[in-house]
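Enquirer: Attaching a predicted model along with its sequence, questions to come.
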Amino acid sequence: MFYTDMAIDAIQNAKKTWLNTVVSNDAIKTPLTAFVDAQTAYTKQVFNTATDVSNAVATNMFNAMGGK
């Protein structure tokens, strides 16, 4: 999960840098930055949930096959 968060942060920080460079009007920049922040939180939650589900499935499959 650590590397996933790093990748998400890198992409989202690039978006924020682009916004700060290209958009000079604060009335436009502020809601766009808030949108990027919302995207970041959502994407991290999706990846965390997917990781939790895949770990649970793998553990249950291992146990169902007689794993200890």
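Expert: Noted; the coordinates are in hand. Residues are numbered from 1 along each chain as shown.
Enquirer: Contacts for the one helix or strand residue 14 maps to, please.
Expert: Assigned by DSSP states H and E, residue 14 belongs to helix 2-22. Residues outside helix 2-22 that contact it (Cβ atoms under 8 Å, 6 or more residues apart in numbering): 29, 32-33, 36-37, 39-40, 43-44, 47, 51. Using the backbone N, CA and C atoms, a C-beta is placed for each residue, glycine as well.
Enquirer: List the buried residues of the helix or strand following it.
Expert: Later in the chain than helix 2-22, the nearest helix or strand by DSSP H and E is helix 26-64. Neighbour counts over helix 26-64 (16 or more other Cβ atoms under 10 Å) mark 33, 36, 40, 43-44 as buried.
Enquirer: for these, which one is nearest residue 67?
Expert: residue 44 (30.2 Å; Cβ to Cβ).
Enquirer: What's the separation between that closest one and residue 10?
Expert: 13 Å (Cβ to Cβ, to the nearest Å).
Enquirer: Name all residues that make contact with the residue most central in space within the chain.
Expert: By Cα atoms, centre = their mean, the chain has its centre lying nearest to residue 44, at 2.6 Å. Applying Cβ under 8 Å, 6+ apart to residue 44 gives the contacts 4-5, 8.
Enquirer: Going by distance to residue 63, which of the residues you listed wins?
Expert: Closest to residue 63, out of all of the contacts of residue 44 and judged by Cβ to Cβ, is residue 4, at 25.7 Å.
Enquirer: Count the neighbours of that closest one for me.
Expert: 14 (other Cβ atoms under 10 Å).
Enquirer: That one and residue 14: what is the separation?
Expert: 16 Å.
Enquirer: can you tell me which two in the buried residues of helix 26-64 are farthest apart?
Expert: Going by Cβ to Cβ, the pair spanning the buried residues of helix 26-64 furthest: 33 and 44, at 16.8 Å.
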